[in-house]
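1. sharing a model prediction with you, sequence too.
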Amino acid sequence: MSRLQRTALLFPGQGSQEPGMKEKVAAQCPELLELATELVGDDPFERVNDGTRFAQPAIYCASIAGWQEAGRPEAECIAGHSLGELAALAAGGAISIEDGLRIATVRGELMQRAAEADGESGMLALLGPGETAREIAERHGLTPANDNAPDQLVVAGHDDALAAARKDARAAGLRAVRLPIRGAFHSPAMQPVVGEFRAALDEIDFSEPKVPVYSCTAAAPFTDPREELAGALVRPVRWRDTMKALWARGIENFIETGPGKVLTGLVERNLFERPEAAHA
């Protein structure tokens, strides 16, 4: 089996922003930077910490720029974490790069609207034994939003429930880290905008990808991207299961081309053996 047949590309989601993203996008794909500013109505990089409507298009552009800077590496399959699914589909040839940005912009706007309508809500990372983390989430009525690793569960819900869960988690010996995200993403709080997002996806041309692109909510290759992307707004990210599915496929090398190194770390924590994990 060749190295290509053992390699997967990984694209990160929201929260992976880092300094220098705008400069990389300007150098690698200036036309995408111009389109992002036009679609958002402002510079999304200057306001990346001001809300998901700015963060999502900025991170999408940075992911595409990182992929281009790395020489558009080939791989047997591709996966993206939440928002990263859009960059993954673009890299796989299922959508154009420009349409991926259009989807990211609409997605960010709709998710911010739903978050604001839902009131004071957010997300909390529980770091420690997964079974204990799930018990705490259930006790406080929180939604398991991201199953990232055996020792990392991100939960979503209202601020008061998050605060209570954080206190319980620390008492149980877990680390509890409030994420810098306003909104209970990948939870029922996003349901009011699912239909509108699905309608926006109907305006996008989708093609069969050149290689399998994995849905992180199904932990399997996309079969109906419009339905799966829309449904993902309210479904949990099954990143741990996605990593297991790639490993079972024979994937041993993982290349993370977006900003940050979050997914590289999760590869090492999810798989029993340590495959090669690179950050391009």
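-> Nice, thanks for sending it over. All figures in this text were calculated on a predicted structure; none of them were measured in a lab.

2. tell me which other helices or strands the longest helix seen in the chain touches.
-> Selection of the longest helix in the chain by residue count, based on DSSP state H, yields helix 97-118. Applying 3 or more CB pairs under 8 Å, 6 or more residues apart in numbering; DSSP states H and E, we find helix 97-118 packed against helix 30-40, helix 52-69, helix 84-91, strand 175-182, helix 194-201. To be clear about C-beta, it is placed using only N, CA and C from the backbone, and glycine gets the same treatment.

3. one more time with 7 Å, if that's ok
-> Secondary-structure packing of helix 97-118 (3 or more CB pairs under 7 Å, 6 or more residues apart in numbering; DSSP states H and E): helix 30-40, helix 52-69, helix 84-91, helix 194-201.

4. tell me which of those is the most buried.
-> Highest mean neighbour count among the helices and strands packed on helix 97-118 (mean count of other CB atoms under 10 Å): helix 84-91, with a mean of 29.

5. I figured Ser207 hits Ala90, correct?
-> No - with contact defined as CB atoms under 7 Å, Ser207 does not reach Ala90; the gap is 11.0 Å.

6. intersection of neighbour lists for these two?
-> By CB atoms under 7 Å, 6 or more residues apart in numbering, Ser207 and Ala90 have no common neighbours.

7. ok, and what's touching the longest helix of the chain?
-> Outside helix 97-118, the residues that touch it by CB under 7 Å, 6+ apart are 32, 35-36, 39-40, 51-53, 55-57, 60-61, 64, 83, 86-87, 89-90, 121, 182-185, 189-190, 192-193, 196-197, 200-201, 204-205, 233.

8. next, the buried residues of it.
-> 97, 99-115, 118 (16 or more other CB atoms under 10 Å).

9. looking at the helices and strands packed on helix 97-118, which is closest to Met243?
-> helix 84-91 (13.4 Å; CB to CB).

10. mind giving me the packing neighbours of that closest one?
-> For helix 84-91, the packing partners by 3+ CB pairs under 7 Å, 6+ apart come out as strand 7-11, helix 52-69, strand 77-80, helix 97-118, strand 213-215.
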